[in-house]
Each structure stands twice: as C-alpha cells, then as structure tokens.
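A.B. asks: Sequence and predicted structure are below.
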Amino acid sequence: MADAFVLSHPEQAERLRQSCPEAAGAAVLAGDPCFDRMLAARGHRDRFRRALGVRDGQRLVVVSATWNPEGLFGDGGAGDVLPALLPRLTGELAADEYRVAVVLHPNIWQGHGPGQVRSWLDGARRGGLALVDPLGAWRQALLAADAVVGDHGAVTYYAAALGVPVVLAAAPLEHVDPRAPLAGFLADSPRLDPFAPLPAQVDALIAGHRPQPGPARFTSSVPGESAGRLRELFYGLMELPEPERPALLEPLPLPAYEPVHRTAPMRVLTRLPAGAGAGAVVLRRWADPAYEPGGDGAAHTAVHTAVPEDTRDPGRLDLADVILRHGAPDDPRFGSPAAWCAETLRRYAHCALAAYVTGPGDCTVRTRAGDALALTAVPGAADADPAAYASALHAWLATGRSTAALAEHGLLVRTGAREHRVTVAPLRG
C-alpha cells in the first residue's frame, strides 16, 4: 500500500473509499499542479497565441485526442473520425479567420510512430494545421484557444475547467466511471456532427458558450495551493523540515514561434465593396477546400486560385492566378524576391501575379504588366498573412484598375471582422 494517494478534490476521496477502503486513510488533498501552472499563466494568453501563429482577429480551434480506441483519434482504422476531420477543419474554416491546431496524446505518437502519424495528418498539415508538442506546449495551446474539439481525455477536461468552449467529437460514456465528474461533463457537453458543415458548428459553439461549473470545481478544490501542499507532504514522508522559502511551481515556458505554413492551393473569394473608398477589397481564403466555398452573400464576388510554389501537386501551378513563395529576403537560392517574381512569371504563362512573402507583414510582388511592388502592412494596423495582401492586389487589378490608384492610400484589405491597411509602393532598386 502506498504511503499517500494524492487527490485534487474531496469527491475522489469518497470514490477511493468505496473502491479500496483500506487506502482511504492515505488519501491526501493536494490540488493539481498542472492546473495551477495554467491558472498562473493566463495573463500570457496573447503571447501563447502569437507563438502559435494566431493573427489579430483569428480564432484558434484546438483539437484534442486521447490515446485509446474509443477516443477521437481511434485506433488507426478506416472508420476513425480524426484523420478525416482535420483536413475538413483546415479546408472549411476560412484561413484568415481561423487557425487550427491539434494535440495528440503522447501514446498515439509512441504507439503508431511519428512517421505514420504525420502521414495520416499530411493533408491537414499542408492546409496549415499546427502540431502541438504533447509534452511541452499543450497547456499553452489550451490557454490560447477560442474553442476545443475533444473527447473524454484529460486535455479536453482541462480546457473546460479553464472556461474554453468545448465540443465533443467522441464521448464513450460506457468507458467512464459513472460516479466521476467526467461522466457528467461528457453527458452535458455539446456534440460535434463530423458529417455536417463545420464552420456553423464552431461559430455556434463559441457564440452560445456557457461554462459548465463542474470542470473548474472538480479539477481542484484548492486552486493555487498545490505547490505548498505537495512539498509539505513530500518533506513529511522524508521526515525532513521544509525549506523556509515559498513553494513555487515552474512557470509555463513560452513556446517557440510556429508561423502558419501552407503548401495547399488557396481558393480566394473577393469583392470590391461599393462606396468603401479606393483600395478596399473584401477577401476570404480557404486551403484546398473539398467544395467550392460560398461567398459572404454579397454581389459581384470574384474568385481566383493562389498556389504556393512548393505545393505537393506542381500541376496546380499551371492554373494558378497568383503564385506564392515564403522565404527570407536574402535567401541566395532565389537571387532576390524581385528576381524570383520575374522568373515565376516567365515560367508560368497563366499566372497574373507572383508574390514573395519576406516577413510577417511584407511581400514583394510583380504583376503581369511588369509592375514590381512592395506591399507592407501599416505599423499598428491589424495584421494578416501578406499572401492575402497579394490576393487583394490581384483582385483590384483584375477589375481593370491600376496600381497608380493605390499610390496615396494603398489597399484596405478586409478579412473577417478586421481591416488591414497596406501600403503599395514601387520596389526600390
């Protein structure tokens, strides 16, 4: 028999007594250090979001899957939901309005192998899916999330305890102790229909969210106290006096920056709203959608295709209206951004505009008419993917307008509920 059974809530002591009466005397209420670390890091939410490449105005959807066959990931069989769900999320959720990330239990990686897991997720990865480190960064992802699609795993329950809107894509009640708070959470949480359109379900989840009180209550009955209680227990078992300094937990580290990397072709819908002023372009983009996406209900919507040069299917480049490349401005392999743009237009006759994205708010473009331009986000304005600026410029020029009309005020690019002011200037040198 163990000397101590560490519990986070008194209800666990009662279940322990019922299951193993002889262990009840060793129960110790000490809270949850994992939850306490997340609570202490809530003030860094914006930093965590930026680390995951979430831009201003975007919603972060985190998908969480535990490791047994009844979980969202399943067992690797043909009937598993997750491998098909992830590319639909990246394909159906507009790219400038959503960021999608996935947290897979470490045993999934261990059981199937990293190569097999990455193969299953390849389509979604090419659409911009972020793979979150299941050991070092999943807590930060939950703090950054606007919504979580999950199952009966601990990560999903922690998300609910933090007040994040949660929808269940798998919830095997028959495998959960009916006396446990988790059972009540699974029974009361909304369900995702993986076969219905996903954007409306995600939007409804966020708009109608009312936090369940149970997860936060039962995750820890003594939030913020686990470090002191655990140290008192450990030193007591060793029969040693505690140090005089306060007991503190290691703060959550800031994850490495992971910008969005898409190699899937982008389907882009645009319109130039009447009366909005010079340079105004409304734009929505989708990463390789399975079906032609709908517009925003407005008239005169145009459509074009923007394809990264490093796309999996090079044949798509022959049909691209806009061809994209992300890279450092001084990468010697491409000569220069302007040289790459000129070479791309020579190589692909159908392409109307080539864009080399050089930073978080900048890109160099060249038009079929020969204009070499620098597109730069105005400092302090809402930010977007510079590839969206290139598509907005293409939409402007496709209506017969000129770049000269943008010299004074530039572009005003609207993605979702955000406006992005972008300067359009002749490329120097």
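C.D. replies: Yes, it's here. Numbers count the residues shown, from 1 in each chain.

A.B. asks: now do the same end-to-end measure for stretch 273-293.
C.D. replies: 19 Å (CA to CA, to the nearest Å).

A.B. asks: That stretch: which residues count as buried?
C.D. replies: For stretch 273-293, the neighbour count (16 or more other CB atoms under 10 Å) marks 279-289, 293 as buried. Placement of C-beta: from N, CA and C, glycine included.

A.B. asks: I'd like to know which of the residues you listed is nearest to residue 314.
C.D. replies: Among the buried residues of stretch 273-293, residue 288 lies closest to residue 314 (CB to CB), at 14.5 Å.

A.B. asks: Show me which pair in the buried residues of stretch 273-293 is furthest apart.
C.D. replies: Most distant of those, by CB to CB, are 279 and 288, 28.6 Å apart.

A.B. asks: residue ranges with poor pLDDT in this structure?
C.D. replies: Low-confidence segments of the chain, defined by pLDDT under 70: 75-79, 276, 295-300, 382, 429.

A.B. asks: ok so, going back, now tabulate the buried residues of stretch 273-293 in JSON lines and tack on distance to residue 356 and secondary structure.
C.D. replies: As requested, those are exported to JSON lines (distance: CB to CB, whole Å; DSSP: H, G, I helix; E, B strand; the rest coil):
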{"residue": "279", "distance to residue 356": "21", "secondary structure": "coil"}
{"residue": "280", "distance to residue 356": "25", "secondary structure": "strand"}
{"residue": "281", "distance to residue 356": "20", "secondary structure": "strand"}
{"residue": "282", "distance to residue 356": "24", "secondary structure": "strand"}
{"residue": "283", "distance to residue 356": "19", "secondary structure": "strand"}
{"residue": "284", "distance to residue 356": "23", "secondary structure": "strand"}
{"residue": "285", "distance to residue 356": "18", "secondary structure": "strand"}
{"residue": "286", "distance to residue 356": "22", "secondary structure": "strand"}
{"residue": "287", "distance to residue 356": "20", "secondary structure": "strand"}
{"residue": "288", "distance to residue 356": "21", "secondary structure": "coil"}
{"residue": "289", "distance to residue 356": "25", "secondary structure": "coil"}
{"residue": "293", "distance to residue 356": "26", "secondary structure": "coil"}
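
A.B. asks: Which member of the residues you listed is positioned nearest residue 102?
C.D. replies: When those are ranked by distance to residue 102 (CB to CB), residue 287 comes first, at 15.0 Å.

A.B. asks: roughly how far apart are the closest one and residue 241?
C.D. replies: From residue 287 over to residue 241 the distance is 59 Å, taken as CB to CB, to the nearest Å.

A.B. asks: and if you look at residue 140?
C.D. replies: Taking CB to CB as the measure, residue 140 falls 35 Å from residue 241.

A.B. asks: same question, residue 81
C.D. replies: Residue 81 is 53 Å from residue 241, by CB to CB.

A.B. asks: Those two: which has the busier surroundings?
C.D. replies: residue 81 (18 against 8; other CB atoms under 10 Å).

A.B. asks: correct me, but the more buried one touches residue 70?
C.D. replies: No. Using CB atoms under 8 Å, residue 81 is not in contact with residue 70; the gap is 11.3 Å.

A.B. asks: so what sits against both of those two?
C.D. replies: In terms of CB atoms under 8 Å, 6 or more residues apart in numbering, residue 81 and residue 70 are both contacted by the residues residue 170.

A.B. asks: and residue 14, what element?
C.D. replies: helix 10-19 (DSSP states H and E).

A.B. asks: Residue 237 too?
C.D. replies: helix 226-238.

A.B. asks: Tell me what angle the helix or strand following that helix forms with strand 280-287.
C.D. replies: Later in the chain than helix 226-238, the nearest helix or strand by DSSP H and E is strand 266-271. Orientation check (axes from the mean of the first three to the mean of the last three CA atoms, to 10 degrees): strand 266-271 against strand 280-287 gives 160 degrees.

A.B. asks: Quick one: list the elements packing against strand 266-271.
C.D. replies: In terms of contacts (3 or more CB pairs under 8 Å, 6 or more residues apart in numbering; DSSP states H and E), strand 266-271 is packed against strand 280-287, strand 302-308, helix 386-398.

A.B. asks: Swap in 6 Å and give it another go.
C.D. replies: In terms of contacts (3 or more CB pairs under 6 Å, 6 or more residues apart in numbering; DSSP states H and E), strand 266-271 is packed against strand 280-287, strand 302-308.

A.B. asks: would you turn those strands into TSV with distance to residue 187?
C.D. replies: Putting the helices and strands packed on strand 266-271 into TSV (distance: least, CB to CB, whole Å) gives the following:
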stretch	distance to residue 187
strand 280-287	35
strand 302-308	44
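
A.B. asks: So which of those is nearest residue 182?
C.D. replies: That would be strand 280-287 among the helices and strands packed on strand 266-271, by CB to CB, at 34.3 Å.

A.B. asks: Can you name every helix or strand that the closest one contacts?
C.D. replies: Using 3+ CB pairs under 6 Å, 6+ apart, strand 280-287 sits against strand 266-271, helix 386-398, strand 411-415.
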